[in-house]
Structures are given as C-alpha cells and as structure tokens.
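Trainee: The sequence and its predicted three-dimensional model are supplied below.
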Amino acid sequence: MGSRRAVIITTSVLVVVIGAMVAYGAWRVLSGAPDKVSLDAAVASLEEQGASQPVTVEATSDQFQEDVAQVTTVNAPNDGVWYVDSNSGSFTFDESSGSFVGFRVEEELARIGSTTAVGRTGEIQGELLIEDGQLVQVSVSADLSAIVTNDSRRDRAARHALNVSENPMATFVLAGPVPLPETDDSPVSIEVLGRLTINGIARDVPLVLDAQMVDNTIVVVGSTEVTFADYDVTVPSAIIVVSAEDHGIVEFQVLFTRR
C-alpha cells in the first residue's frame, strides 16, 4: 500500500512539474514578441535619454570619404555624412531603444495558437549621405550571427536558417538619390528603392522610411516584406510548430549622427 501511494504521489508531482514547464514555455512564446518598430516610440525613447551626442567613427568606406571630399559647400543644415550611432540607447530583445535590425514571422503553434516570432540584432554599422537636400547614398549592414530571440533554441534555429556560418552579414544599399521634403524637424516619410542582401543573395526591395530629426540625431524606422525562398532561407521547423509563414517582415530602427 505504501509503495502504491508513493507511486501516486511521484506521478502527481511529475504531472505538476511538467504542467508548470509547459505553462512557462507557453508564457515565454506568447509574451516574447516586442512591438513593431514605431517612429513615435523611437523618438520618445531617445528624448527620454536626452540629446544624443555625436560619436567618433574610426573607419568609413573609401567611396564615402570621396563623397565627403567632393562636398565643398553645405547648402542645407542636414547636408553631409551621417553614421550609424551604436552608442545612444540600448539594445535587448525585449526593449531596444538604440539601433537594430530584425525580422517578424507569423507562426501557428500546437496547443498554443498564433504567435509572432521575432529576432533582432544590435550589431549594425553604416552611413548615409545627404547633399543639396537629397538622400544621395545609404549603406547599412547588420551582423545576423548576433540575432537574438526570446529563446536560445530559437536563436540557434534562426541563425542556422539564415546560414550565418557562411553569410553572416545582411546589407541594404540605396539604389539612387531621393529628394527629401523640407521639414522643421517634424516627422517625414519617403519611399525608396534599394538592394537588400541576405544569405549572399541580393534583391531589389521598396521601403517606406519614417524619419525625424531629434537634436543631433536622425531617427529612421521602416520595414519591408520578404519571401524567404528568394534568399534561399528555409523557415525553421520544430515539433511544436504546426505551420509558419513562408514570408515575413524585415524591420529596422536606426539612429544616425554626424561627427
């Protein structure tokens, strides 16, 4: 009788423990998606920190150095080269007030339902050139081997799917000059076309950039939808994943400052 009672107690404890683990796992999945990028949120976060200060950038591309040398006069207060600011704000998966690039994918999970898988990296660098009131050049790169999600297992799956062991860097390069609207530091929105490279494969993509000047910082946010097969990326699979979209959103929040 004592042995039977011990088995019942042990079984009950195991059920409770397993149930708690499942509940915790479900909570992690369902509570793990941060909000979509928002210009209002990015600006508010930067203003809370106070005005960001210009940072010193040690290395720049030769092409951009040539562009700077060719600019002999500044015809507008924002003309010049602006660099990705990795010092202002902070970056974590849950709350990113600094510069980052990431993705969002819709999933259907067994016994849980619909959820959004999000991955982000704060390891980015790049620059943009404004000249004569035009956005002349933009070049930004992100280290996808530093992608983080709300779960270390998902981190590994995302990095494997993106083939970061062979092609860790994703890049975006503006296709050509774009006129900038006149503004008194109020928000602006512009449509651009550029070359997005993921997993060593480059595609032309349209972007809508929302931007605003906050003291000495240009805050830029945006997103674009991509089809994973276009970049030879296979959506990670797992027992718990019933289905996952074959497309997703690439989103970014980037702070630019001048020297």
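Mentor: Cool, got the structure.

Trainee: all helices for the stretch 51-200 of the chain, in order.
Mentor: For the stretch 51-200 of the chain, the helices defined by DSSP state H, counting those that start in this stretch cover 62-70, 152-161.

Trainee: comparing these, which gets the lowest mean pLDDT score?
Mentor: Per-segment mean pLDDT for the helices of the stretch 51-200 of the chain reaches its minimum on helix 62-70, at a mean of 49.

Trainee: Let me know the secondary structure of Gln212.
Mentor: Taken by DSSP: H, G, I helix; E, B strand; the rest coil, the conformation at Gln212 corresponds to strand.

Trainee: Now do the same for it: its pLDDT.
Mentor: For Gln212, the predicted pLDDT is 94.

Trainee: Likewise for Gly133?
Mentor: On pLDDT, Gly133 comes in at 90.

Trainee: ok, now the one 4 residues further on?
Mentor: With respect to pLDDT, Gln137 has a value of 95.

Trainee: So for it, what's the nearest residue that isn't a sequence neighbour?
Mentor: The spatial neighbour of Gln137 that comes closest, neighbours along the chain excluded (CB to CB, 6 or more residues apart in numbering), is Leu129 at 4.2 Å. Where you see a C-beta, it was placed from the backbone N, CA and C, and this is true even at glycine.

Trainee: Enumerate the beta-bridge partners assigned to the one you found.
Mentor: Beta-bridge partners of Leu129, counted by DSSP bridges, are Val81, Gln137.

Trainee: got it, and Leu255?
Mentor: Here Leu255 sits in beta bridges with Val219, as judged by DSSP bridges.

Trainee: And it, how close does it get to Val205?
Mentor: Counting by CB to CB, to the nearest Å, the separation of Leu255 from Val205 is 22 Å.

Trainee: Which of these two has more residues huddled nearby?
Mentor: The neighbour comparison of Leu255 against Val205 (other CB atoms under 10 Å) goes to Leu255, with 25 against 17.

Trainee: Spatially central residue in this protein, please.
Mentor: By CA atoms, centre = their mean, the mean C-alpha position of the chain lies nearest to Val101, the distance being 1.9 Å.

Trainee: If I follow the layout properly, that one ends up in contact with Val118?
Mentor: No. No contact is recorded between Val101 and Val118 when judged using CB atoms under 8 Å, the distance being 11.8 Å.

Trainee: Tell me, how many residues neighbour the residue nearest to Gln137?
Mentor: A count of nearby residues for Leu129, using other CB under 10 Å, gives 21.

Trainee: Please report the distance of it from Glu166.
Mentor: The span separating Leu129 from Glu166 equals 31 Å under the rule CB to CB.

Trainee: coming back round to it: if I follow the layout properly, the residue nearest to Gln137 ends up in contact with Val136?
Mentor: Yes. Look at Leu129 against Val136 with CB under 8 Å: they come within range, at 4.5 Å.

Trainee: Could you chop this protein up by domain?
Mentor: What automatic domain parsing lists as the domains of the chain is 1-31, 35-257.
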